[in-house]
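Undergrad: give me the fold of what follows.
(one chain, ligands or ions: 1)
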Amino acid sequence: MPAVTIAEAVLQAAARLAASDTPRLDAELLLAHSLQKTRTYLLTWPERALTAAQYADFNELVTRRAQGEPVAHLTGHREFWSLPLLVNDSTLIPRPDTEVLVEQALALNLPEHARVLDLGTGTGAIALALKSERPGWVVEATDQSAAAVALAQANARQLELSVRVWQSSWFDAVVDINSYDLIVSNPPYIAADDVHLQQGDVRFEPLSALVADAGGLSDLRNIIEAAPAYLFDGGYLMLEHGWQQGEAVRELLAQNGYQQVHTWRDYGNLDRISQGLYRKPNSGEGGEKCHE
Ligand code: GLN
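TA: Numbering: from 1, shown residues only. Predicted coordinates for the structure are as follows:
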C-alpha cells in the first residue's frame with residue numbers, strides 16, 4: 001500500500017471529524033502535533049508521506065477527537081493572545097472571547113506600574129496576556145485549584161513572564177487590601193441545568209471552572225461584593241460572564257456602588273465582559289489613591 005501523504009491524511013481525518021465545528025482545522029492541528037511540525041509545514045509539504053508510526057499515532061488522536069475530546073487536551077496546548085499555553089484537564093481551555101477582556105483591560109488608562117489581580121486564573125491566560133503586553137504592570141493571579149496553580153506557574157515559566165500565582169478561593173488568601181488598580185476574572189458562570197454542558201468541549205472541562213449557583217451568578221456576585229476592599233480608590237473590576245447575564249451583572253455592579261458600568265460584546269456580538277470603577281465612599285482627603 002502506498003504511503004499516505006499529508007494532504008490525504010488531513011482529508012481523511014476531516015471527513016471523520018464532520019461532527020466538529022472545525023473539522024479541517026482540528027485535523028491540521030492534530031497532524032501537526034503528531035509530526036511535531038507547524039500547520040504551515042503541512043500546507044507547504046502536502047505531498048510528503050507519513051511513516052506508518054506517524055499515521056497510526058495521528059489516527060489514534062483523530063479517533064479520540066471523534067469521541068469528543070477537545071483538541072487542546074489531545075495536543076496539550078492552546079494559543080491565547082498568540083501565547084502558546086500548556087493546557088490540561090484541570091482548568092478551562094482558554095477561549096477567544098476572553099481576549100475581549102484582555103483588549104479592554106489594555107485599553108484602560110492604568111499607571112505604568114499598575115497592580116493587577118486575576119482571580120480564578122486557570123491556565124494563567126488572562127494574567128499572562130496582560131503581563132506580555134504591559135511588562136511594567138505587577139500582575140498576580142490566584143486559583144482555588146492546586147493543579148491550576150501549578151499549570152499557570154508552568155506557563156509563566158515557559159513564557160518567561162513574571163506573574164506570581166498562588167492558591168486562593170477568590171479573595172480568601174489575598175492579603176493586600178486597597179492595593180489593586182485592576183481586578184479581572186473569568187469565573188464559572190454557567191447554570192447547573194444548562195443543556196450546553198452536555199455538548200462539545202465543556203464535557204471534558206472541570207465543572208468547578210464552569211458552573212456556579214444562583215443560575216450561574218453566585219461567583220460573579222461574590223467577586224463584585226468583595227472586590228471594593230481590595231481595589232485602590234478609582235480601581236476597576238472587569239468580569240467575563242454569560243451572554244444573557246449582562247443586565248444582571250451591570251445591576252450588581254451598580255447596586256454595589258461601582259461607577260462607569262459598561263458591557264462589551266464578544267466576537268459573536270453577545271454581551272460578554274462588564275466593568276465598573278470603584279470610588280471609596282470617603283476618599284475626598286487622605287483616602288488611598290491610585291498609583292502614579
Ligand atoms: N465561555 C465558556 C463557555 O460558554 C464558559 C466559561 C466560564 O464559565 N467561565 O463554554
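Undergrad: what is the burial count for Ser132?
TA: 17 (other C-beta atoms under 10 Å). (Each C-beta comes from the backbone N, C-alpha and C, glycine too.)
Undergrad: again with Gly136
TA: Residues lying near Gly136 (other C-beta under 10 Å) number 10.
Undergrad: CA atoms only: put the longest strand anywhere in the chain into PDB for me.
TA: Ordering each strand of the chain by length in residues (DSSP state E) puts strand 231-240 first. In PDB, the C-alpha atoms belonging to strand 231-240 read as follows (Å, rounded to 0.1, in the frame of the first residue of the first chain):
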ATOM      1  CA  LEU A 231      -9.200  47.900  44.900                       C
ATOM      2  CA  PHE A 232      -7.500  51.300  45.200                       C
ATOM      3  CA  ASP A 233      -9.800  54.200  45.100                       C
ATOM      4  CA  GLY A 234     -10.700  54.500  41.400                       C
ATOM      5  CA  GLY A 235      -9.700  51.000  40.600                       C
ATOM      6  CA  TYR A 236     -11.500  48.800  38.100                       C
ATOM      7  CA  LEU A 237     -13.200  45.500  38.200                       C
ATOM      8  CA  MET A 238     -13.600  43.600  34.900                       C
ATOM      9  CA  LEU A 239     -15.500  40.400  34.600                       C
ATOM     10  CA  GLU A 240     -16.400  37.800  31.900                       C
END
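Undergrad: give me the distance from it to the chain's centre.
TA: 19 Å (C-alpha atoms, centre = their mean, to the nearest Å).
Undergrad: for it, name the packing helices and strands.
TA: helix 98-107, strand 180-185, helix 218-230, strand 271-278 (3 or more C-beta pairs under 8 Å, 6 or more residues apart in numbering; DSSP states H and E).
Undergrad: now the ones you listed in TSV, with mean pLDDT?
TA: Below are the helices and strands packed on strand 231-240 laid out as TSV (pLDDT from 0 to 100):
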stretch	mean pLDDT
helix 98-107	98
strand 180-185	98
helix 218-230	98
strand 271-278	98
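Undergrad: enumerate the residues of the stretch 1-150 of the chain near the ligand.
TA: Residues of the stretch 1-150 of the chain found near the ligand (C-beta under 6 Å from any ligand atom) are Leu92, Arg95.
Undergrad: can you map out the strands along the stretch 1-150 of the chain?
TA: For the stretch 1-150 of the chain, the strands defined by DSSP state E, counting those that start in this stretch occupy 77-80, 83-86, 115-119, 138-143.
Undergrad: one step back: what about the longest strand of the chain, average pLDDT?
TA: Across strand 231-240, the average pLDDT comes to 98.
Undergrad: next, the angle strand 271-278 makes with the helix or strand following that strand.
TA: The helix or strand immediately downstream of strand 231-240 is helix 246-255, counting by DSSP states H and E. Comparing the axes of helix 246-255 and strand 271-278 via axes from the mean of the first three to the mean of the last three C-alpha atoms, to 10 degrees yields an angle of 0 degrees.
Undergrad: need the contact partners of helix 246-255.
TA: Helix 246-255 is contacted by residues 217, 220-221, 224, 237, 239, 241, 261, 263, 271-272, 274-276 when judged by C-beta atoms under 8 Å, 6 or more residues apart in numbering.
Undergrad: turn the residues you listed into TSV, columns for neighbour count.
TA: Formatted as TSV, those follow (neighbours: other C-beta atoms under 10 Å):
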residue	neighbour count
Leu217	20
Leu220	25
Arg221	18
Ile224	25
Leu237	27
Leu239	27
His241	24
Val261	17
Thr263	17
Asp271	18
Arg272	24
Ser274	27
Gln275	23
Gly276	25
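Undergrad: list the residues that contact Ala146.
TA: Gln167 are the contacts of Ala146 under C-beta under 8 Å, 6+ apart.
Undergrad: how near is it to Ser168?
TA: Applying C-beta to C-beta, to the nearest Å, the value for Ala146 to Ser168 is 11 Å.
Undergrad: and for Ala229?
TA: If you go by C-beta to C-beta, the gap between Ala229 and Ser168 works out to 14 Å.
Undergrad: tell me which of the two has more neighbours.
TA: Higher neighbour count among Ala229 and Ser168: Ser168, with 19 against 13, using other C-beta under 10 Å.
Undergrad: now the stretch 1-150 of the chain against the ligand: closest residue?
TA: Using C-beta to the nearest ligand atom, the single residue of the stretch 1-150 of the chain nearest to the ligand is Arg95, 5.3 Å away.
Undergrad: so where's the stretch 151-292 of the chain shaky on pLDDT?
TA: 283-292 (pLDDT under 70).
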